[in-house]
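Enquirer: okay, predicted coordinates and the sequence, questions at the end:
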Amino acid sequence: MSGIVGVYYLDGQSVDHQRLGQMVDIIAHRGPDNADIWIDGYVGLGHRMLWTTPESLLEKLPHHTGNLTITADARIDNREELICALELNDYPAEKVTDSQLILAAYEKWGEQCPEHLLGDFAFAIWDRRKQILFCARDHFGVKPFYYYSSAQAFVFASEIKAIFCLPDVPRQINEVRIGDYLVSMFEDTTITFYQDILRLPPAHRMIVSCEGMKLESYWSLNPNCELRLGSDEEYADKFREIFTEAVRCRMRSAYSLGTMLSGGLDSSSITCTARKILEEEGGSVLPTFSAIFDKVSECDERAYINPVLAQGGMEPHYVCADQISPLIDSLFKHLDEPLFAFNLYLNRSIYKVAQQQGVRIILDGFDGDSTVSHGVSYLNELAINKRWFSLIQQLKGFAKNFNYSFWQLLWQYLWKYEFEPTVRKYKLLRIGQRVWQALQRRVMRTTDSGNQPTWSTILNPDFVERIGLKERRKSLNKLFLDSQENQRAQHYYSLARGVMPYTLEVLDKAATEFGIELRFPFWDKRLVEFCLSVPGEQKIHQGWTRMVMRRGMAGILPQEVQWRGGKSNLTPGFNHGLLTFEQERLKEVLVKNSELIKEYTNTISLHEAYHRFISQEYEEDDSFNLWKALNLALWLKCSEFSPSDAPQVRD
C-alpha cells in the first residue's frame, strides 16, 4: 500500500507545486515513510511511500528516466520471469524495484505491458516523447485508482479526497450511485458517489492525451475454458501447488507479516500454508488476528480457530467483537463514501491491533468462496440433463453436510425442472405459480418476487422513478439472471461482480488508517483462472462444496476445519452492536432528523423498521436497511451535502 496522485493539464497550464503537494499530503496515511513530487510543466506526479517489500526500501517515486516518469502503488509477483524477459539479469534481483520492472515492461511492450504483470498494481506513466499519460489497474482491482477528466485537465489519485484538492474539480453528488447503494447493487465499476469522479475498472488501461482518452480492457476471464486432468488427486495437487505459490509470493516482506484467522476455510488455509512456508524456511512465528464473541456466542468461531492454532508456530491476537460499535465515524474520512459493509468494524479493529504489534502486511482470505466456488449450480445442470440419481446423491450429502431438509431441496428441483414445465404446458400456470412462490418463501429468501420488491419499501418512489432505478437494476442484474443454470457461468458471475472491486477498495482504505497493506491470495490471477476451469464435479462432490480445495488442503488444514459445513452468520453480532451502542443515534438520525435522506428514502418505512428493530421483533432486512440509511445520512452530513446539491434531471 502506497499512494499515488497526478495532474495532466491538457490546456497547457503549469502544474501548481503547492496544489500537487496538498494532494500528496492529504493521503499521508497511505505512506508515512517517504513522499515526493515531480513536475514537468503541465504534468505533475506525486507519491506516498509505505515500505513493505525488501525492494521498496530502495524505491524512489516518482521515478524519472529518459522520457518516462512513473508513480505506482504496486507489488509485482512474477519478478523472476520479468527480470529474465526484460534482460535485467546483469542487475542483482534484490536491487530491482517493482516500479523499475513496470517501467522496463512499458519500454519493451508499450500499451501491452499490463498483460505481462502479475500482482496488485495501480500506476501512471508519463511518456514525454509520445505526450501521453498511460495508466493501468490490476486484474481484480485490489489497488484503487480514481480520476477526474475534463477538456482542461486529467487528475487521478488513490483516494477521492486528493482529487478535490484542486479547486476546479466539481464536487457534486451522484444520485444514481445513491440508488445503487440503497438497493445493494454495485455492478457499475466506474461510478462513485460524486458526479464527475470515476474509477478505473479492474483489468483496464487508459491512455490520456490532448487528442482524448482511450479506455480499454487488457484482460478478462474466459468462462469457456475447462481443464481436464486424470484424477481427483491431480486436481487437488494442482490446486495446492497454485495456492501455495499465491500465498508464498504475497509473503515477500521487509517487515512483520500476519494473517486474518476467522476459523473459516479461507483464512485457515492461508494461515496454515503461510505457517508451513515459514517453518520450511526456518522463519519466525506467524502473528494471527481473530475476532471473537463472548456475548453473542452463535457468532464465535473459536471451535475452529483453536485447532489451527494448535498446530503451533503462531502467535494469536484477538478482538472482542461484541464490545465494539459497528459504526466508526473516522471511516467517513478515509472511505470518502458511505459505508456499506456492515462487518468492516471487525476488520478495522483487527488492523488497529496489528499496527500495535508492528505488523505492516496482513494476508486476508477475502471471498475465497467466489474464487473456489461452492459449485451449487452444478446441481441445476444435473436436473436439466435429467440425471436424477446423481442429483439425489448430491442433495442427500448437501442436506447432511449443511443442515438442510433433503425433501425440501429435492422438491425445489423437481418442481422447477419437471413439474413447472408441465404446468406451463397445460396452462395451469396460475396454480403452479402459487405453489412455487409458497415453496420459495419457505426454502429460500427472495427479494424480487411480485410487483413490490422488498428493496423498494425503503426507497422514495419519486427518487426511484427519477433515476430510472428499476430499469437500471434489471439491466445490471442480467448477467446474474443468465448465469443460474450453468455452474461455470455462475462461477464466472461470482468473480466478475462489481461488488468485488468495490469491497477491495473499501478494505484498502480502512487498512490505510493504520499503515497496513492487505494482500489477498485468493485473488491471484493464476488461482482464479485454475478454479474457474475446474469441472463441476470437482467443485461439489457427495454434497461437499468447494471439494477441490478441501482435498487440496488435506494434511495442511486441521480436519475440523477441512470438513466443516457452513460458516457462522455474523449478523447477530452486528445487530447486537447496533442495538447496544447506536440505538440513540439511529433514533436521532433516522427518526428525529431525517431531512437529509428524505429525498432518497421512504422515511415512514424506515421509522417502522426502526421501531421493529429496537423492540427486537425485526424482519430479516430491517437492520441492514437501517444501516445503509444511517450511513448515507451521516456521510451526507459529513460531506456537507444537501438535497439541493443533487444534479437536476432534465427531460
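Expert: That came in fine, so what should we check first?
Enquirer: for the nearest residue in space to residue 347 that is not next to it in sequence, list the residues it contacts.
Expert: Distances taken as Cβ to Cβ, 6 or more residues apart in numbering place residue 510 nearest to residue 347, at 6.0 Å, with adjacent residues excluded. (Glycine included, C-beta is placed from N, CA and C.) Going by Cβ atoms under 8 Å, 6 or more residues apart in numbering, residue 510 touches 331, 334, 335, 344, 347, 348, 351.
Enquirer: apply 10 Å and report the result again.
Expert: When contacts are counted by Cβ atoms under 10 Å, 6 or more residues apart in numbering, residue 510 touches 328, 330-331, 334-335, 339, 341, 344-345, 347-348, 351, 516, 518.
Enquirer: helices of the stretch 351-500 of the chain, start to end?
Expert: With DSSP state H, counting those that start in this stretch as the criterion, the stretch 351-500 of the chain has helices at 368-372, 377-384, 388-402, 406-414, 420-425, 429-443, 461-466, 469-476, 478-482, 487-496, 499-512.
Enquirer: residue 626 is nearest to which of these?
Expert: The closest of the helices of the stretch 351-500 of the chain to residue 626 is helix 461-466. By Cβ to Cβ, the value is 17.8 Å.
Enquirer: buried residues of the closest one, list them for me.
Expert: By 16 or more other Cβ atoms under 10 Å, the buried positions in helix 461-466 come out as 463, 464, 466.
Enquirer: other SSEs contacting it?
Expert: Secondary-structure packing of helix 461-466 (3 or more Cβ pairs under 10 Å, 6 or more residues apart in numbering; DSSP states H and E): helix 175-182, helix 469-476.
Enquirer: okay, those helices in TSV with mean neighbour count, distance to residue 57 and mean pLDDT next?
Expert: Output for the helices and strands packed on helix 461-466, formatted as TSV (neighbours: other Cβ atoms under 10 Å; distance: least, Cβ to Cβ, whole Å; pLDDT from 0 to 100):
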stretch	mean neighbour count	distance to residue 57	mean pLDDT
helix 175-182	22	39	96
helix 469-476	15	44	88
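Enquirer: got those helices as TSV, with distance to residue 565 columns?
Expert: Formatted as TSV, these follow (distance: least, Cβ to Cβ, whole Å):
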stretch	distance to residue 565
helix 175-182	33
helix 469-476	32
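Enquirer: make a markdown table out of the helices of the stretch 351-500 of the chain and add distance to residue 154.
Expert: Converted to a markdown table, the helices of the stretch 351-500 of the chain look like this (distance: least, Cβ to Cβ, whole Å):
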| stretch | distance to residue 154 |
| --- | --- |
| helix 368-372 | 33 |
| helix 377-384 | 42 |
| helix 388-402 | 50 |
| helix 406-414 | 52 |
| helix 420-425 | 53 |
| helix 429-443 | 49 |
| helix 461-466 | 31 |
| helix 469-476 | 27 |
| helix 478-482 | 30 |
| helix 487-496 | 27 |
| helix 499-512 | 20 |
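Enquirer: where do the strands of the stretch 201-350 of the chain begin and end?
Expert: 204-209, 212-217, 256-260, 286-292, 314-320 (DSSP state E, counting those that start in this stretch).
Enquirer: which parts of the last one are buried?
Expert: Counting neighbours by 16+ other Cβ under 10 Å, one finds that the buried residues in strand 314-320 are 314, 317, 319.
Enquirer: I figured residue 226 hits residue 530, correct?
Expert: No: taking contacts as Cβ atoms under 10 Å, residue 226 lies outside contact range of residue 530: 11.4 Å.
Enquirer: neighbours of the residue nearest to residue 29 when sequence neighbours are not counted, how many?
Expert: Excluding the flanking residues, the one nearest residue 29 by Cβ to Cβ, 6+ apart is residue 512, at 5.3 Å. Using other Cβ atoms under 10 Å, residue 512 has 26 neighbouring residues.
Enquirer: residues touching residue 512, list them.
Expert: Contacts of residue 512 (Cβ under 10 Å, 6+ apart): 1-3, 27-31, 48, 50, 144, 158-159, 334, 351, 518.
Enquirer: do the same with residue 581
Expert: Counting by Cβ under 10 Å, 6+ apart, residue 581 touches 323, 324, 325, 326, 327, 345.
Enquirer: quick check, nearest of those to residue 35?
Expert: Using Cβ to Cβ, the contacts of residue 581 come closest to residue 35 at residue 345, 29.8 Å.
Enquirer: residue 577 is in contact with that closest one, correct?
Expert: Yes: using Cβ under 10 Å, residue 345 is in contact with residue 577, at 7.2 Å.
Enquirer: what touches both of these two?
Expert: With Cβ under 10 Å, 6+ apart, residue 345 and residue 577 have common neighbours 321, 324, 325, 326, 327.
Enquirer: from residue 624, how far out is the fourth one?
Expert: Going back to what we said before, that points to residue 326. Taking Cβ to Cβ, to the nearest Å as the measure, residue 326 falls 11 Å from residue 624.
Enquirer: okay, and the common contacts of the two?
Expert: Taking Cβ under 10 Å, 6+ apart as the contact rule, residue 326 and residue 624 both touch 342, 574, 575, 578.
Enquirer: what score does the closest residue to the first one other than its chain neighbours have for pLDDT?
Expert: In this case it means residue 342. Spatial nearest neighbour of residue 342, chain neighbours left out: residue 574 (5.0 Å); criterion: Cβ to Cβ, 6+ apart. On pLDDT, residue 574 comes in at 95.
Enquirer: against residue 582, how distant is residue 574?
Expert: 11 Å.
Enquirer: which of the two has more residues huddled nearby?
Expert: Taking neighbours as other Cβ under 10 Å, residue 574 and residue 582 compare with residue 574 leading, 22 against 18.
Enquirer: buried sites along the helix or strand where that one lies?
Expert: Counting by DSSP states H and E, the element that carries residue 574 is helix 571-581. For helix 571-581, the neighbour count (16+ other Cβ under 10 Å) marks 571, 572, 573, 574, 575, 576, 577, 578 as buried.
Enquirer: before we move on, what about stretch 142-151?
Expert: Judged by neighbour count using 16+ other Cβ under 10 Å, the buried positions of stretch 142-151 are 142, 143, 144, 145, 146, 147, 148, 149.
Enquirer: and of those residues, the nearest to residue 380?
Expert: Comparing those against residue 380 with Cβ to Cβ places residue 142 closest, at 31.4 Å.
Enquirer: that closest one: what's it in contact with?
Expert: Neighbours of residue 142 in contact, by Cβ under 10 Å, 6+ apart: 1, 73, 75, 119-122, 202, 366, 500-501, 504-505, 507-508, 518-520, 523.
Enquirer: next, count neighbours for residue 302.
Expert: For residue 302, the number of neighbouring residues by other Cβ under 10 Å comes to 15.
Enquirer: hang on, isn't it packed against residue 321?
Expert: No: counting by Cβ under 10 Å, residue 302 sits too far from residue 321 to count as a contact (11.7 Å).
Enquirer: quick check: neighbours shared by these two?
Expert: Joint contacts of residue 302 and residue 321 (Cβ under 10 Å, 6+ apart) are 290, 292, 293, 294.
Enquirer: lovely, talk soon.
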